[in-house]
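[1] generate a structure from the sequence data that follows.
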Amino acid sequence: MNIVSYFKKVSKKESVDNWIDSIKVAAKPLLDAGCINENYIDAMIDNVKNNGSYIVIVPFVALPHSRAEMGALKTGVSILKLDQPVLYPDNKPVKLIISFSANDNNQHMELLSVLAEVLMDETKLTGILETNDIQQIEKLFFN
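    Predicted coordinates for the structure are as follows:
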């Protein structure tokens, strides 16, 4: 899977008010690109409310997503980098929110695999978390 073809945008903000806002801001490029509808954003938020912060998969990184039938129209990825961490449930600080949608289970699993590969590379992850340069984030993430 070539993740670059599904990539929509890297956004950067100083901070957000809460974890719910972090999901909304991270998902907006997917909404704008027609990858998801509003129901999908609500479903991502409900996932965390109902299941806790399981989407915080490594320190400082959250992967909000939901099932395809909840409003995923196309496969897409958008990234929000925060200067100041936002607390997710269970007091988990997050600075990188990678929102994604997949319109079928196979693409969902492939996308998770590609994202996990990048996030398990400590050099790349540290670089992504430490930089404030959007081009540098894209370079580290997609090369």
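
[2] helices and strands around whichever strand or helix holds residue 12, which ones?
    Using DSSP states H and E, residue 12 maps to strand 7-13. Contacts defined by 3 or more Cβ pairs under 8 Å, 6 or more residues apart in numbering; DSSP states H and E place strand 7-13 against helix 19-32, strand 76-88, helix 134-142. For glycine as for every other residue, the C-beta is placed from the backbone atoms N, C-alpha and C.

[3] could I get the buried residue list for the helix or strand bottoming out on mean pLDDT in the chain?
    Scoring the helices and strands of the chain by mean pLDDT, DSSP states H and E places helix 105-119 at the bottom, with a mean of 82. Neighbour-count burial for helix 105-119, with 16 or more other Cβ atoms under 10 Å as criterion, is recorded at 107, 108, 110, 111, 114, 115, 118, 119.

[4] distance between that helix and the chain's centre?
    Here helix 105-119 is found 12 Å from its chain centre; the criterion is Cα atoms, centre = their mean, to the nearest Å.
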